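1. From the sequence below, what's the structure:
(2 chains)
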Amino acid sequence: MKRRKFEWGYLLLIPGVGYIMFFVLASLYIMFAQSFGFYNYTGTSEFSLQFWQHVFSRTFFDDLWFSFRTALLTALISIIICYPLSLILQRIPGRKTFLSILKIPMFVPALVASFLIVNIIDYHGVINMILEKLRLIDEPLRLRNDAAGIGALSVQIWKNVPFQMIIMYSAIEAIRKDVRDAAANLGANRFSILKEIIIPITLPSALVAVIMVFVRTFNDFAISKTAGPYYPTSISNLMYLHAYTFADWNTAACIGVMMMITSIAFVSFYSYLSKKIGN
Amino acid sequence: MNGQLIKSQKKLTRRLLELLLPFGLLSIIMVWIGLPILYALLWSLVNPEYPWSYPDLFPTNLSLFQWEYVFKYTTIVKSIGNSFFLAFLTTIACFMLALPTAYALGKRKLKGSEFFKIIILLPMVFPGMAMGLFLGRMLHVMGVSGTYWGVVIVHTLVALPYMLRILIVNFESMPQDLIDAASNLGAGNWVKFTEIYFPMILPGLVAGAMFTFITSMEEFNLTFIVGAPDITTIPTVLYSYLGENFLRTRASVVSLILLIPNLLFLIVAERKIKTEYMGAALGKM
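-> Presented below is the predicted three-dimensional model:
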């Protein structure tokens, strides 16, 4: 029997994969341990379930619902904007230039995007002024830090549309032209080509785009903190408040675990979908 | 005769529509993207002697006062220095860490490569604030919280996936026959590295370095937790002017400062970076 040679290549994984695994697992470990009462800054550290009993408060569910709703609305509204936009862009001269300009918000940092949008939707911002001049509204609307979360939603949509755009545009572009031509030759009109060919083929990409934007928005801290309502805030902000303002790290850890579980659920759904697309 | 006329009229309307559509779309896009940036620019140029208030759509007088103020009396100069210094260190660290691993995953095709490629994605899906808080706790115990080392560690963690994914794609697309030919002609490992591997990973390296640099420049959550209060970067300064203590003029100056490197990156990326690297970095999470 031949002894299998040790594969030295695995040692090469240590700097890249090892670095990531070490720090991610360490923070996961500390998060789980703290949620059960270990690693306290002050007082005794012992196993306890009390933090899990108290974490599910009214505030927690309000904030969870706010993050979930903002994420879902952002993902859905963005895709509703993206689909027709990428269809139109396919047949317009100079589409390369359009795409480059459209990409700009994707490269704008979250906090800058937040300021740029807040600045124009503010109480005396240009949007309110224009609406007033057009006599569409009698008095300025409160859109920044508003209770309904329209401010945060606007920033998220502005930032995420280009991201989904790129995915959808390349998905539609990848449909071979002969497929469309064949359908047209067989007597399909534009609407039925859209319904029978383009939408079914690009649906998986659309789902992936929706899930990716959902996860990013759900975990967001900076945008909802600066443009969103003061109550309810995002789930990330609730965790931050528990840790730094109330010095209650154990409850913060419980919230972190809940966020992690939600993210993992959506990411597994994502990898399941991307495998399906691969086949 | 009449039918033909209607037909030609229909054709004309269609041609007109096809001409108008791009212009309509262009103006919508210009407003969508340009208006927020224009108003940030205008707000950064407000002259405090001539306040810009409610009924005016545009400021009556422009000056560079706000820019001078921010550069003179705030910590922005130090923060800009910090941001560039940290981004530079992060890029080097990412390159050193990513190179061997990307070689192993992209070229050697080890067993379980797919699994390791999923592990690489972890920092991209881990909720930023959660990672910041609890990793921050560990770095605090290690004694590097609030130091350059601590911030470089977390920036590297966030940016490493981009560098890894781009370099992996680069190694995967390397033609094996060229390397074999070099071996056949008697090239040693060192020659193979300098003459073949290095020139071929250069484009991926440049793309990866740009992504790493930009990621580090705009990273907020982890810098805010680990770096505060001693290490301030441009995003943390901007954060202090937003939210509950909204300072519009200063926020607009700092926003524009932070926007410049990103827009430059976009322009260069559009021209120079291959689409496959862009896809590797952005396409799949």
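2. Apart from its chain neighbours, what residue comes closest to the residue of the stretch 1-150 of chain B at minimum distance from chain A?
-> Closest to chain A within the stretch 1-150 of chain B is B:T101: 2.6 Å, counting by CB to the nearest CB. Backbone N, C-alpha and C define where each C-beta goes, glycine included. Leaving out its chain neighbours, the residue that sits closest to B:T101 by CB to CB, 6 or more residues apart in numbering or on different chains is A:G16, at 2.6 Å.
3. what about B:F58, is that helix, strand or coil?
-> coil (DSSP: H, G, I helix; E, B strand; the rest coil).
4. For it, list the residues it contacts.
-> Neighbour list for B:F58: B:L42, B:W52 [criterion: CB atoms under 8 Å, 6 or more residues apart in numbering or on different chains].
5. contacting residues for the residue nearest the centre of chain B?
-> In chain B, the centroid-proximal residue (CA atoms, centre = their mean) is B:I214; its distance is 3.6 Å. Each residue near B:I214 by CB under 8 Å, 6+ apart is listed here: A:F107, B:A87, B:P261, B:N262, B:F265.
6. B:L35 now?
-> Per CB under 8 Å, 6+ apart, neighbours of B:L35: A:I120, A:V126.
7. And for A:G94?
-> B:P22.
8. From A:S236, how far out is it?
-> According to CB to CB, to the nearest Å, A:G94 and A:S236 sit 40 Å apart.
9. can you give me the strands in chain B?
-> Read by DSSP state E, chain B holds no strands at all.
10. Which positions in stretch A:258-276 come out as buried?
-> Under the neighbour-count criterion of 16 or more other CB atoms under 10 Å in any protein chain shown, stretch A:258-276 has A:M258, A:M259, A:M260, A:T262, A:S263, A:F266, A:V267, A:Y270, A:L273, A:S274 buried.
11. Apologies, that question was intended for stretch A:38-48.
-> Applying 16+ other CB under 10 Å to stretch A:38-48 flags A:F38, A:Y39 as buried.
12. Determine if any part of it is in contact with chain B.
-> Yes. With CB under 8 Å from any CB of the partner chain as the criterion, chain B is reached by stretch A:38-48 at A:Y39.
13. Just the terminal-to-terminal distance for that stretch.
-> One end of stretch A:38-48 sits 8 Å from the other (CA to CA, to the nearest Å).
14. can you give me the mean pLDDT across the top helix by length along chain A?
-> Criterion DSSP state H: the longest helix present in chain A is helix A:58-90. Average pLDDT, helix A:58-90: 90.
15. Following element in sequence after it, please.
-> helix A:95-103 (DSSP states H and E).
16. Report the inter-axis angle for that next one versus helix A:58-90.
-> On the basis of axes from the mean of the first three to the mean of the last three CA atoms, to 10 degrees, helix A:95-103 is oriented at 170 degrees to helix A:58-90.
17. still on that earlier bit, quick one: buried residues of the longest helix of chain A?
-> By neighbour count on 16+ other CB under 10 Å, the buried set for helix A:58-90 is A:60, A:63-64, A:66-68, A:70-71, A:73-75, A:77-79, A:81-83, A:85-86, A:89.
18. now do stretch A:159-178
-> So for stretch A:159-178, counting by 16+ other CB under 10 Å, buried means A:159-172.
19. Show the secondary-structure elements that the lowest-mean-pLDDT helix or strand in chain B is packed against.
-> Within chain B, confidence by mean pLDDT, DSSP states H and E is lowest for helix B:275-278 among all helices and strands, at a mean of 73. The helices and strands touching helix B:275-278, judged by 3 or more CB pairs under 8 Å, 6 or more residues apart in numbering or on different chains; DSSP states H and E, are helix B:148-172, helix B:198-218.
20. Please work out which of the ones you listed is packed deepest.
-> Comparing the helices and strands packed on helix B:275-278 by mean neighbour count (mean count of other CB atoms under 10 Å in any protein chain shown), helix B:148-172 ranks first with a mean of 25.
21. and it, what does it pack onto?
-> helix A:19-35, helix B:76-106, helix B:113-120, helix B:122-125, helix B:128-142, helix B:198-218, helix B:221-222, helix B:275-278.
22. Distance to B:H155 for those - can I get that in JSON lines?
-> Below are the helices and strands packed on helix B:148-172 laid out as JSON lines (distance: least, CB to CB, whole Å):
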{"stretch": "helix A:19-35", "distance to B:H155": "12"}
{"stretch": "helix B:76-106", "distance to B:H155": "4"}
{"stretch": "helix B:113-120", "distance to B:H155": "16"}
{"stretch": "helix B:122-125", "distance to B:H155": "11"}
{"stretch": "helix B:128-142", "distance to B:H155": "12"}
{"stretch": "helix B:198-218", "distance to B:H155": "4"}
{"stretch": "helix B:221-222", "distance to B:H155": "7"}
{"stretch": "helix B:275-278", "distance to B:H155": "20"}
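23. so which of the ones you listed comes closest to A:A252?
-> Across those, A:A252 has its closest neighbour in helix B:128-142 (6.3 Å, CB to CB).
24. mean confidence score for the closest one?
-> For helix B:128-142, the per-residue pLDDT averages 88.
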